[in-house]
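> have a look at this prediction, sequence included:
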Amino acid sequence: MQKMAELLGLRDECGEGTSGAPAPAGSCLADNRLNLDVYPDGCRRFLQLFKERRGEVVQVEFLRLSGNDCLLDTTLGSLPHLKHLKSLVLKGGHARDEFGSYQHGSLTSLPPDFGNLTCLTHLDLSFNRLSTLPSCILQLPSLRVLLVSHNSLVTLPEDFGCLSKLTFFSAMKNQLKDLPRSIGKLSMLQDLDLSENALELLPEEVGNLHNCTELDLSGNRLLSIPDSLANLKSLRRLHLHSNLLVTVPASLASLPNLSRLDLQNNCLRAIPAEIQALPFVHVRGNPLGETEPSPQAGNCKASAAVVIHSCISSGSFTVTSEGCKVVLACGIHFYFPPGAASDSLQIYFRSLAPDPQWVKLRHHDVLLSRVLELQPHGVQFQQEVQIWMPYISPQTPHQHEVVVRTFSGQSWSDLRTRTKQKRKSKKCVAHCCVLHFSWFLVVSRLVQNECRVPAEGTLLFSSVDPNIKVIFPPGVTKEPRSVKLQVLPVSAEEIEEITSNAGCRASPLLCLSQDSTVDFLKPVRIQLPLPPGVTGLNLDRSRLHILHGDLEGQTWNDITSEVVLEFTHLYAVFEVTHFSWYWLWYTTKTYIGGIAKKVYERLRLYQVNFIALQRKKDPEQVLLQCVPKHKVDPVLKKLQDRYRGPEPSDMVEMFEGEQFFAAFERGISIDMDHPDCVDGRLSFIFYSHLKNMKEIYVTSPVDRKCQAVKGQVSFYRGAVPDSIPEDASRRRKGPDSLWLATLPIKLPQLKPRWDENPGPLYGFSFPPLNLGNAETGYLTQANLLSIARRVGADWQSIGLNLGLTYKQIERIGYNNREDLNKQILDMLFSWAQQNSEDPDCVNKLITAMKESGRQDIADEVEAIIELGRQKYNESIRRVGLEQESSTEDSAIAMM
């Protein structure tokens with residue numbers, strides 16, 4: 001928009017206002033310009049001027065009105081009278097919704113006589129609700145610049161090409177599915193932006209745009225592009241990234257003025273050699289060199305094929321120099337290109353639960369996956385290995401971006417990441433490329449914009465809020481340094497709810513950081529938008545405060561008196577020499593630092609509820625979960641057919657990565673050998689986008705043959721995360737502050753159970769069983785008994801998923817037709833006896849439980865195996881048999 005205004009000599013000249021009183025309508029009329037989009041009642045002012053000073057208004061050449069103004073429709077009827085009008089801006093996006101997103105304007109059409117504006121050369125209708133392009137626009141003979149981005153256009157008129165003088169057209173962020181063939185008649189068009197639409201095909205006539213210098217088709221659904229694009233001899237920049245292209249014509253390499261060709265994030269498996277030779281072509285994010293063999297199950301030996309790995313949480317596979325694809329059961333994919341490994345290499349993988357002791361999240365980060373460990377650590381591949389990791393979609397995508405984070409042995413760093421949502425399953429996948437293996441996880445962080453600051457200076461702005469800018473003047477540094485910018489929008493509703501003060505307003509939070517410890521040589525100029533509802537015309541400077549926060553958000557200092565503040569209608573501008581958090585507040589409060597600290601702390605808190613449910617078929621099986629408030633109802637609805645229990649707890653607040661415990665009380669207990677059991681309590685770590693759920697088996701020392709047991713489960717706070725504010729940490733100490741919630745648990749009166757009999761189990765007598773092996777962990781006969789008593793009526797589906805035939809299931813059911821417990825034991829131990837020599841039998845059991853809808857038992861088996869593996873490793877270390885290795889050393893150092 002600014003670029004086009006400069007081309008046409010249309011420079012905004014909004015006067016600065018400093019008084020609190022609104023300016024009269026007549027003062028808005030400056031020469032031949034009317035800039036009324038900065039006023040909440042701009043359309044009312046226009047109508048007043050049109051009524052009182054019509055002779056002057058009809059001479060206006062440059063007019064700006066807000067598309068969010070409620071009187072816009074009334075005002076449109078007067079616009080055709082402005083016969084001298086050259087530039088008209090009716091742009092929306094001047095207001096924000098409760099989530100901080102820009103609200104589209106109300107404009108859906110234009111009056112028919114709008115085409116009488118014969119002098120109009122510049123028209124901006126962006127951020128509105130147009131579903132079709134008004135036909136009157138095609139009657140504007142002088143139109144040179146047309147912007148209709150961020151609307152809902154599905155198609156363009158067939159005679160769109162009649163706008164013969166058009167030099168710039170932007171329709172980005174619409175829903176265009178095709179283009180009219182007449183678009184080729186726009187012979188004077190220089191810039192065409194059709195990015196982020198739904199285009200699947202381009203007409204050959206696009207090749208007739210001989211004066212086009214920049215063509216942006218990114219973010220569409222194009223499978224191919226026409227050869228006629230090679231006729232665009234004036235083209236300098238061609239953006240085709242984020243499409244579905246499988247091929248591109250080699251003739252693009254012949255374009256004489258082309259200086260940038262962006263083909264990233266497509267489906268290109270091969271690129272013509274002529275294009276590959278271009279120094280300015282960008283092709284990252286394409287499956288170059290990949291093939292599409294049909295997936296086939298098999299062993300873990302891989303050679304240029306697809307390997308589907310049945311292991312759930314850990315395992316290994318072999319990669320040869322021929323390369324391969326590997327698909328893990330947990331949804332993680334790998335692609336090893338040919339030559340990535342020079343020799344045959346054994347790859348080990350583990351899926352780990354995140355531990356806040358070593359998984360360090362930054363402020364406002366959200367964890368979206370478990371931790372993936374890949375070994376051997378540090379081995380350098382000859383070519384980049386591609387990894388696809390599934391993750392849970394974040395709740396605030398417009399404020400955050402998803403990245404894969406990796407551990408180097410000393411610290412975590414973010415990888416360049418591409419994300420996509422699978423069409424059929426709707427699952428989200430994060431893609432990255434690496435040259436060595438380590439630990440990996442997926443996080444959502446605040447959107448990060450960065451640049452390299454040279455001695456000549458530069459400009460950096462936020463993609464979340466383009467109104468936020470950082471200007472580095474020449475001479476600001478001797479040596480180039482990297483600078484990062486992050487923005488956290490805060491709505492007026494959030495500020496009011498937290499402060500209980502409707503008069504408090506705040507701009508978006510700005511965080512600046514750099515890779516140098518030295519302050520800048522010259523002041524850096526920062527532009528922040530004024531808080532919502534505040535403009536340069538109604539600004540009371542005594543109420544405006546610039547706050548500076550340390551990187552941990554522990555302290556917020558008012559630096560208003562230490563900087564020179566400049567104001568325009570919409571922005572505040574000030575200068576600093578060092579980087580941290582900056583926050584612009586508008587309030588009558590004098591001491592604002594404490595209020596800002598409270599708000600900042602609350603922005604990092606999640607409101608949650610606890611649920612405790614018992615399985616209807618087996619009340620001794622208890623599901624515990626900590627659920628964010630907005631997810632409680634969907635979670636309960638999903639579980640109501642199989643579980644029953646009390647209403648969720650009252651709402652409490654928790655930080656991302658905070659530990660809490662569940663303790664069963666008043667006659668109910670859990671197995672003290674449970675892997676997550678600490679001093680008789682079940683340990684949890686709260687992550688807002690992970691399940692925070694455990695399903696366990698409870699018992700009671702009370703004799704339940706005579707009576708039921710009415711107990712309870714209580715939730716308590718655990719270790720305080722290192723990164724939370726000091727005040728919040730202080731409030732979480734002391735015996736009275738640890739308790740969070742208590743929910744009732746009732747175990748009904750029961751008859752004696754088969755598992756209480758110390759002798760042969762109802763006539764079954766099996767030799768000792770140990771499934772698995774010592775190194776990976778055993779499942780013992782006692783473990784199988786514990787599993788058996790939790791199976792219940794699901795035993796038949798579990799047996800079928802374990803590989804038993806229908807005939808075997810029927811025979812087991814008939815032989816033990818009067819006793820469900822015998823049916824379960826017969827099925828489970830019969831399978832175990834037949835598969836005891838199979839090294840993969842434990843993984844098969846886990847898979848069968850998941851396929852039968854018994855994730856609780858699958859999790860329990862995985863936990864037992866992990867505990868056994870840890871005990872085995874500890875015993876090896878105790879007797880001094882463990883072999884020293886760099887890999888294990890690095891793992892121990894990290895933990």
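Right, received. Where do you want to start? Residues are numbered from 1 along each chain as shown.

> just checking, what packs against the host helix or strand of Ser786?
Secondary structure assignment for Ser786, by DSSP states H and E: helix 781-791. Applying 3 or more CB pairs under 8 Å, 6 or more residues apart in numbering; DSSP states H and E, one finds that helix 781-791 contacts strand 693-699, helix 820-835, helix 855-878. Placement of C-beta: from N, CA and C, glycine included.

> 6 Å - rerun?
Contacts defined by 3 or more CB pairs under 6 Å, 6 or more residues apart in numbering; DSSP states H and E place helix 781-791 against helix 820-835.

> next, the buried residues of whichever helix or strand comes after the helix it packs on.
Sequence-wise, the next helix or strand downstream of helix 820-835 (DSSP H and E) is helix 841-851. Applying a neighbour-count criterion of 16 or more other CB atoms under 10 Å, the buried positions in helix 841-851 are Cys841, Val842, Asn843, Lys844, Leu845, Ile846, Thr847, Ala848, Met849, Lys850.

> which residue packs closest to the fifth one, ignoring adjacent ones?
In space, not counting the residues next to it along the chain, Leu845 is nearest to Val861; the distance is 6.2 Å by CB to CB, 6 or more residues apart in numbering.

> could you do the fourth one as well?
Distances taken as CB to CB, 6+ apart place Leu802 nearest to Lys844, at 6.8 Å, with adjacent residues excluded.

> buried ones in the helix holding Ser786, by neighbour count?
Asn783, Leu784, Ser786, Ile787, Ala788, Arg789, Arg790, Val791.

> all helices for the stretch 551-700 of the chain, in order.
593-603, 632-639 (DSSP state H, counting those that start in this stretch).

> and for the stretch 51-200 of the chain?
So, for the stretch 51-200 of the chain - with DSSP H, counting those that start in this stretch - the helices run 54-57, 72-76.

> before we move on, back to that, any chance of the helices of the stretch 551-700 of the chain in CSV, with mean neighbour count, distance to Cys330 and mean pLDDT too?
Below are the helices of the stretch 551-700 of the chain laid out as CSV (neighbours: other CB atoms under 10 Å; distance: least, CB to CB, whole Å; pLDDT from 0 to 100):
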stretch, mean neighbour count, distance to Cys330, mean pLDDT
helix 593-603, 19, 32, 81
helix 632-639, 14, 21, 90
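
> let me have the ones you listed in JSON lines, extended by distance to Ser830.
Formatted as JSON lines, the helices of the stretch 551-700 of the chain follow (distance: least, CB to CB, whole Å):
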{"stretch": "helix 593-603", "distance to Ser830": "57"}
{"stretch": "helix 632-639", "distance to Ser830": "32"}
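
> figure out which of these is closest to Tyr391.
helix 632-639 (19.0 Å; CB to CB).

> centre of the chain to that closest one, how far?
Put simply, helix 632-639 sits 23 Å off its chain's centre (CA atoms, centre = their mean, to the nearest Å).

> can you dump the C-alpha atoms of it in CSV for me?
Only the C-alpha atoms of helix 632-639 are listed here, as CSV (Å, rounded to 0.1, in the frame of the first residue of the first chain):
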residue,chain,number,x,y,z
VAL,A,632,-13.6,-29.6,29.5
ASP,A,633,-17.0,-30.1,27.9
PRO,A,634,-15.7,-31.8,24.7
VAL,A,635,-13.5,-34.1,26.8
LEU,A,636,-16.3,-35.1,29.1
LYS,A,637,-18.6,-35.7,26.1
LYS,A,638,-16.1,-38.0,24.5
LEU,A,639,-15.7,-40.0,27.7
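
> what helices or strands is it leaning on?
Applying 3+ CB pairs under 6 Å, 6+ apart, one finds that helix 632-639 contacts no other helix or strand.

> quick check, the residue nearest to Leu845 in contact with Lys844.
No: using CB atoms under 6 Å, Val861 is not in contact with Lys844, being 10.8 Å away.

> make JSON lines out of the buried residues of helix 781-791 and add distance to Cys451 and pLDDT.
Listed next are these as JSON lines, based on distance: CB to CB, whole Å; pLDDT from 0 to 100:
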{"residue": "Asn783", "distance to Cys451": "56", "pLDDT": "79"}
{"residue": "Leu784", "distance to Cys451": "60", "pLDDT": "82"}
{"residue": "Ser786", "distance to Cys451": "58", "pLDDT": "78"}
{"residue": "Ile787", "distance to Cys451": "57", "pLDDT": "82"}
{"residue": "Ala788", "distance to Cys451": "62", "pLDDT": "83"}
{"residue": "Arg789", "distance to Cys451": "62", "pLDDT": "75"}
{"residue": "Arg790", "distance to Cys451": "57", "pLDDT": "76"}
{"residue": "Val791", "distance to Cys451": "59", "pLDDT": "81"}
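
> can you list the residues you listed in CSV and add distance to Leu123?
Formatted as CSV, these follow (distance: CB to CB, whole Å):
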residue, distance to Leu123
Asn783, 73
Leu784, 75
Ser786, 73
Ile787, 70
Ala788, 74
Arg789, 74
Arg790, 69
Val791, 69
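
> which one of the buried residues of helix 841-851 is nearest Gly105?
Once CB to CB is applied, the member of the buried residues of helix 841-851 that ends up nearest Gly105 is Lys850, at 49.4 Å.

> go ahead and confirm the closest one touches Ala858.
Yes: if you go by CB under 6 Å, Lys850 and Ala858 touch, sitting 4.8 Å apart.

> ok, residues contacting the following helix or strand past the helix holding Ser786?
Using DSSP H and E, the helix or strand that follows helix 781-791 towards the C-terminus is helix 795-801. With contact meaning CB atoms under 6 Å, 6 or more residues apart in numbering, helix 795-801 is reached by Ile809, Gln823, Ile824, Met827, Ala848, Glu851, Ser852.

> mind running it again at 10 Å?
For helix 795-801, contacts defined as CB atoms under 10 Å, 6 or more residues apart in numbering pick out 787-788, 791-792, 794, 804-806, 808-810, 812-813, 820-821, 823-828, 830-831, 844-845, 847-854, 857.

> report the buried residues of the next helix or strand after it.
The element immediately downstream of helix 795-801 (helix or strand, assigned by DSSP H and E) is helix 806-815. Neighbour-count burial for helix 806-815 flags Gln808, Ile809, Ile812, Gly813 (criterion: 16+ other CB under 10 Å).

> picking that back up, nearest to Ser87, of the helices of the stretch 51-200 of the chain?
helix 54-57 (15.0 Å).

> per-domain residue ranges of the chain.
311-446, 448-590, 604-746, 770-879 (the TED database).

> just give the closest residue to Gly67, not the sequence neighbours.
Gly105 (2.1 Å).

> returning to that earlier point: tell me which two of the buried residues of helix 806-815 sit farthest apart.
Distance extremes for the buried residues of helix 806-815: the farthest pair is Gln808 and Gly813 at 9.7 Å, using CB to CB.

> please enumerate the shared neighbours of these two.
Gly799, Asp826, Met827.

> now neighbour count and distance to Gly42 too, for those residues, in CSV please.
Listed next are the shared contacts of Gln808 and Gly813 as CSV, based on neighbours: other CB atoms under 10 Å; distance: CB to CB, whole Å:
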residue, neighbour count, distance to Gly42
Gly799, 26, 72
Asp826, 23, 80
Met827, 24, 75
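
> need those residues in JSON lines with pLDDT and distance to Thr247, can you?
Output for the shared contacts of Gln808 and Gly813, formatted as JSON lines (pLDDT from 0 to 100; distance: CB to CB, whole Å):
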{"residue": "Gly799", "pLDDT": "86", "distance to Thr247": "50"}
{"residue": "Asp826", "pLDDT": "85", "distance to Thr247": "59"}
{"residue": "Met827", "pLDDT": "87", "distance to Thr247": "54"}
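
> nearest to Lys427, of these?
Gly799 (29.5 Å).

> now do the longest strand out of those in the chain: distance to the chain's middle.
In the chain, taking DSSP state E as the definition, the longest strand is strand 605-615. Put simply, strand 605-615 sits 23 Å off its chain's centre (CA atoms, centre = their mean).

> for stretch 794-802, same thing?
For stretch 794-802, the distance to the chain centre is 37 Å (CA atoms, centre = their mean).

> is Phe440 within a helix or a strand, and which one?
Per DSSP H and E, Phe440 falls inside strand 439-446.

> other SSEs contacting that strand?
Using 3 or more CB pairs under 10 Å, 6 or more residues apart in numbering; DSSP states H and E, the elements in contact with strand 439-446 are strand 345-352, strand 366-367, strand 371-375, strand 385-391, strand 400-407, strand 412-414, strand 428-434, strand 481-488.
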